[in-house]
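Asker: Okay, predicted coordinates and the sequence, questions at the end:
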Amino acid sequence: MMRRTSLTDLLIPFVLAAVLVYSLLRIGYESLPPFEWYSALPVAALAVAELVMARRVRAAVRHQPQAKPMTALAIARAVALGKATALVAALVAGAAGALVLRLLPSSGQDNTAGQDLRIGYLLLAVTAALLVAGLALERAGIDPRHGRD
């Protein structure tokens, strides 16, 4: 039986990714090309798509009159996608957080570091949106009447 994603399920990949990426950035940040703002676009697009999907799944599960019917398998797949997305968002947020922590001290001295820091903030924002979308999709498949008489 699948259980809801808990805070611990998200904190472990976040911390592991943050520690690993921070260590790698300490070693080789200078050899990386500058980050581009459009690297956040796919993450933002996925967040929007999952929020739309969560709305459709929630309407189908709650049998709202305007909802298009969905099979139980499609709902289960959507819930699994939401759970996986939340975990991936935690990983990417850990990496973006490590980038921000690595660049904060040197952002005022170097233009490239300042630009990359802004990209890091942008990535944190869109991964937070992706995390919310993943959790919303996961919870959309829960029938509020389940367990009642």
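Answerer: Received the coordinates, thanks.

Asker: quick one: contacts for residue 16?
Answerer: When contacts are counted by C-beta atoms under 8 Å, 6 or more residues apart in numbering, residue 16 touches 91, 94. Heads up, the C-betas are built off the backbone N, CA and C, glycines and all.

Asker: which one's the longest helix in the protein?
Answerer: If you go by DSSP state H, the chain has its longest helix at helix 72-103.

Asker: and it, which residues are buried?
Answerer: For helix 72-103, the neighbour count (16 or more other C-beta atoms under 10 Å) marks 75, 78-79, 81-83, 85-100, 102-103 as buried.

Asker: relative to helix 72-103, how tilted is the helix or strand following it?
Answerer: Moving toward the C-terminus from helix 72-103, the next helix or strand (DSSP states H and E) is helix 111-140. Relative orientation of helix 111-140 versus helix 72-103 (axes from the mean of the first three to the mean of the last three C-alpha atoms, to 10 degrees): 160 degrees.

Asker: by contact count, what packs against the longest helix of the chain?
Answerer: Packing partners of helix 72-103 (3 or more C-beta pairs under 8 Å, 6 or more residues apart in numbering; DSSP states H and E): helix 7-28, helix 41-61, helix 111-140.
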